[in-house]
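S.K.: need coordinates for the following:
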Amino acid sequence: MIRRLISKFNKSLAARMVAARRRHEAPIKVWIEPEKAMNKPKYATGTLSISGETQDLSDSGIGFIVSSIRIKENYLVGENRTLNVEIDLPQGKVQMQVVGQRYEQVGIHVSSSRYLIGAQIVKMSSDDREIYEYFLAHGDERRKTSLALGIDKT
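M.R.: Numbering: from 1, shown residues only. As a prediction, this is how the structure comes out:
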């Protein structure tokens, strides 16, 4: 009986320590700033990018799915690598900088495997933060309104 109480307490405590997540699939673009070797970029700007979709969003981090764990020879997770991210939310595009914390291969076959990446948000402009937090609090209100009228705008 005491074990059961402790277990319930631990679960409720863990639930409070993790930021609430909103499941949402939105287009995402992830890119890495080119490394400068001897004052000359190694790659042209924009060539170090990959597209995917978000899995879930929270106040402190995002989960997203991409087709590869690296861009060229640069891994998306590890080495405290800062990733630039642009998410296309219903209220507008939001840009932020994140650091990948973990990844997991998802998919049935190697030929169609994709990677779920969990990343911590480290930097975001105040305007983008306002749009992002509004989305977390209210979601896609346009979709709810249109469905209530019997019209699907998606």
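
S.K.: and E53, what does it touch?
M.R.: E25, A26, P27, I28, F64, I65 (C-beta atoms under 8 Å, 6 or more residues apart in numbering). All C-beta spots, glycine's among them, are computed from the backbone N, C-alpha and C.

S.K.: what strand or helix carries the nearest residue to it once chain neighbours are set aside?
M.R.: Take E53 and drop its neighbours on the chain: the residue closest to it by C-beta to C-beta, 6 or more residues apart in numbering is E25, 5.0 Å away. Using DSSP states H and E, E25 maps to neither a helix nor a strand.

S.K.: could you report the neighbour count for E25?
M.R.: 12 (other C-beta atoms under 10 Å).

S.K.: with S126 instead?
M.R.: Residues lying near S126 (other C-beta under 10 Å) number 6.

S.K.: tell me the spacing between it and H138.
M.R.: Distance from S126 to H138, counting by C-beta to C-beta, to the nearest Å: 18 Å.

S.K.: do a quick rundown of the helices in the protein.
M.R.: Here the chain has its helices, by DSSP state H, at 2-17, 126-138, 141-148.

S.K.: what's the average pLDDT for the first one?
M.R.: Yep, that's helix 2-17 we're talking about. Throughout helix 2-17, pLDDT has a mean value of 63.

S.K.: cool, stretch 86-100 as well?
M.R.: Mean predicted lDDT for stretch 86-100 stands at 94.

S.K.: what of stretch 20-33?
M.R.: 86.

S.K.: from what I can see the residue nearest to E53 touches Q55, true?
M.R.: Yes: the pair E25 and Q55 passes the contact test of C-beta atoms under 8 Å, sitting 7.2 Å apart.

S.K.: mind listing the strands for this structure?
M.R.: Under the criterion DSSP state E, the chain contains strands at 21-23, 27-31, 36-37, 40-41, 49-58, 61-66, 70-71, 74-75, 82-89, 92-106, 114-124.

S.K.: fine by me, thanks again.
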